[in-house]
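> One predicted model, sequence on top.
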Amino acid sequence: MARMRVRLTFPPALIQEPIVYRLVKDFDIVINIRRADVKADHGWIVLELEGDEGTLARGVIIREMTRVVDQVGGVNLAQGMPNFPPPPELIAAAHRAIDGDFHQYAVTWGAPSLRQAIAGKYRAFYGLDVDPDRHVTVCCGSTETMLSTLLAVLNPGDEVIIFEPFYENYGPGCIISGAVPVFVPLEPPDFSFDPGRLRAAVTARTRAIVFNSPNNPTGKVFSRDELQAIADLCLEHDLLAITDEIYEHIVYDGLGHTPIATLPGMAERTVTISGISKSYSVTGWRVGYAVAPPELAIGIRRAHDFVTVGAPHPLQEAAVTAFGLPESYYVELRESYQARRDLLWGYLEKAGFVAWKPRGAYYILTDVAHFLTQHDLPDDTAFAMWLIKNVGVATVPGSSFYAHPELGRTKIRFCFPKTDDVLRDAGERLLKLRP
Ligand SMILES: Cc1ncc(COP(=O)(O)O)c(C=O)c1O
C-alpha cells in the first residue's frame with residue numbers, strides 16, 4: 001500500500017458540476033480515499049489517497065487531464081450548461097425583482113406568485129389539476145428538489161429502483177436517505193428497459209422508482225408504453241414514481257413530453273420534479289420544484305426547510321415571467337436545440353463515433369470502443385483525457401453515469417447547449433479522429 005496526496009486544479013466553472021463526485025467515485029473504485037477537500041471557489045480539490053502503486057499512478061493521470069484541459073484551452077462539451085444568455089424578458093424580470101422588495105426569505109416552500117405560475121403551467125401544458133398551496137414546493141434547483149424528495153419519502157433500508165445510466169445525483173441522494181439503490185439497465189440502441197427485469201427488481205422493500213425523461217445522458221424519451229409499464233408496477237405494488245423532467249421542453253423530431261402523473265391513478269403517487277435551469281437557460285439561478293400529492297408535499301417541504309430553507313427570493317419572483325412566455329418560445333427552444341443536435345451529430349458521424357441520436361435533452365452518448373483499440377487506451381476516462389490532450393475537446397467519461405462502471409467503460413458523453421461557433425470548433429477538432 002502506498003499513500004499520496006493529489007491536488008486537482010479545475011477552471012472554477014468546471015468544479016461546480018458533479019465532477020467532484022464523479023472523480024471521487026472514479027478513484028473510489030480502486031483507491032481508498034482518506035480525505036477529500038473541495039475548494040470550489042478556488043477551483044481545486046485535494047484528495048488523500050491510499051492504494052497500490054499502479055492504481056495511484058492512474059490518479060496522476062486524472063490530475064494530468066485536468067491540468068491539460070486548462071492548458072490547451074480546448075472546447076468544453078462536458079458540462080451541461082448553455083454558453084448563450086437567457087431570454088431578455090427574464091433578465092429584465094430579474095433586474096425588476098432585485099429593485100423590488102424581495103430581499104428577505106420567501107415562504108420556505110416557494111413564493112406564492114411562483115407556485116401559482118407553476119400550477120398554471122401544469123394545467124396549461126398537461127391538463128393536471130395542481131393546487132399551488134398544497135401540491136407545489138419550490139427548492140434550489142431540481143437537484144435539491146430530488147434530494148429533499150428522497151429524504152422525505154425514504155426510510156432507512158428502503159429500496160429505490162433507478163434506471164442505469166442515470167444523472168449522477170440520484171445514487172448519492174438515495175444513500176444519504178439511508179436507502180438502497182437498485183439498478184435496472186437502459187440498453188442501447190434505444191435505451192429501453194426489459195419490463196420483466198424491472199418487475200423482477202421489485203421486492204417487499206421497494207418504495208419508489210426514480211427516472212428521468214427526457215434522459216441525461218442517453219437522450220431517451222420514455223414512450224407511452226414504457227410509462228404505462230412503470231405505472232402498472234407502481235399501482236400494483238404501491239410504489240411512488242419520482243420523475244426528473246428537467247428537460248421536458250427539449251424534445252426532438254416532433255415528439256412531445258408526457259408526465260407520468262397524467263396516467264390514470266398516477267397523480268396520487270408521483271412526485272414530478274422540474275425546474276427553470278434548462279428550459280430558460282438559467283442553470284445558475286437555482287430554482288426548481290416538485291409537484292406532489294399533499295401528504296408527500298408536507299414531507300418534501302419539511303426536508304427542504306432543513307436542507308436550504310428556501311430558494312433565492314428575487315429569482316423566484318423573476319421566474320414567474322418564464323412561465324408567462326408564449327408558446328412560440330418553446331417552439332423556438334426545441335427547434336434551435338434540434339439544429340444544435342444535428343450540427344454536432346453530423347461532426348460525430350463524420351469523425352467516426354458510434355453514437356445514439358438523442359430524442360430529447362442536450363447530450364449525445366457515444367461508444368468509443370474502436371478508438372480505444374486504435375489508440376491503445378484502456379477505458380473511457382483515458383480516452384476522455386486523450387481527447388482533451390490530442391484534440392482539445394472536453395467530454396464526460398461514460399462510466400460516470402453507471403453504478404457498474406464497466407457498462408460505461410467504452411462510452412463518452414458530449415453536450416451541445418452551445419452556440420454554433422463552439423460546436424463547429426469542437427466538430428472540426430474531432431474530425432482529426434477520422435479514420
Ligand atoms: C437529469 C438532470 N436533472 C437535474 C439536473 C440539474 O438541474 P437543476 O439545475 O435544476 O438542479 C441536470 C443537470 O445537468 C440533469 O441533467
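Received the coordinates, thanks.
> Name the residues of stretch 325-337 that are buried.
Taking 16 or more other Cβ atoms under 10 Å as the basis for neighbour counts, the residues of stretch 325-337 that come out buried are 325, 329-330, 333-334, 337. In short, each C-beta sits where N, CA and C put it, glycine included.
> quick one: contacts of that stretch?
The set of residues that contact stretch 325-337 without belonging to it, under Cβ atoms under 8 Å, 6 or more residues apart in numbering, is 87, 89, 249-252, 279-280, 362, 416-417.
> from the buried residues of stretch 325-337, which two are the most distant?
Spanning the widest gap among those are Leu325 and Tyr337, at 15.6 Å by Cβ to Cβ.
> Can you mark which positions in stretch 159-178 are buried?
When neighbours are counted by 16+ other Cβ under 10 Å, the buried residues of stretch 159-178 are found to be 159-174, 177.
> Narrow those residues to those in strands?
159-164 (DSSP state E).
> Quick one: name the residues of this structure near the ligand.
Within reach of the ligand by Cβ under 6 Å from any ligand atom, the chain has these residues: 80, 141-143, 167, 212, 216, 244, 246, 275, 277, 283, 288.
> how many neighbours does whichever residue of the stretch 51-200 of the chain sits closest to the ligand have?
The ligand sits closest to Gly141 of the stretch 51-200 of the chain, with a gap of 2.8 Å, by Cβ to the nearest ligand atom. Each residue near Gly141 was counted by other Cβ atoms under 10 Å, and the total is 22.
> wait, what's in contact with it?
Counting by Cβ under 8 Å, 6+ apart, the residues that Gly141 touches are 275, 277, 286-288, 311.
> same deal with Leu377?
Residues near Leu377 by Cβ under 8 Å, 6+ apart: 371, 383, 386.
> If we use 10 Å, what do you get?
Contact criterion Cβ atoms under 10 Å, 6 or more residues apart in numbering gives 368, 371, 383-387, 410 as the residues in contact with Leu377.
> and those residues as JSON lines, adding secondary structure?
Formatted as JSON lines, those follow (DSSP: H, G, I helix; E, B strand; the rest coil):
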{"residue": "Val368", "secondary structure": "coil"}
{"residue": "Phe371", "secondary structure": "helix"}
{"residue": "Phe383", "secondary structure": "helix"}
{"residue": "Ala384", "secondary structure": "helix"}
{"residue": "Met385", "secondary structure": "helix"}
{"residue": "Trp386", "secondary structure": "helix"}
{"residue": "Leu387", "secondary structure": "helix"}
{"residue": "Thr410", "secondary structure": "coil"}
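> Now the two most distant members of those residues.
By the measure Cβ to Cβ, Met385 and Thr410 form the most distant pair in the contacts of Leu377, at 14.8 Å.
> Confirm that Phe211 sits in a helix.
No: counting by three-state DSSP, one finds Phe211 to be strand, located in no helix.
> I figured it hits Val184, correct?
Yes: in terms of Cβ atoms under 10 Å, Phe211 counts as a neighbour of Val184; the distance is 9.4 Å.
> The two: which is more packed in?
The residue with the greater number of neighbours, taking Phe211 and Val184 and applying other Cβ under 10 Å, is Phe211; the counts read 25 against 20.
> Can you get me the start-to-end distance on stretch 263-270?
As for stretch 263-270, its first-to-last residue distance stands at 10 Å under the measure Cα to Cα, to the nearest Å.
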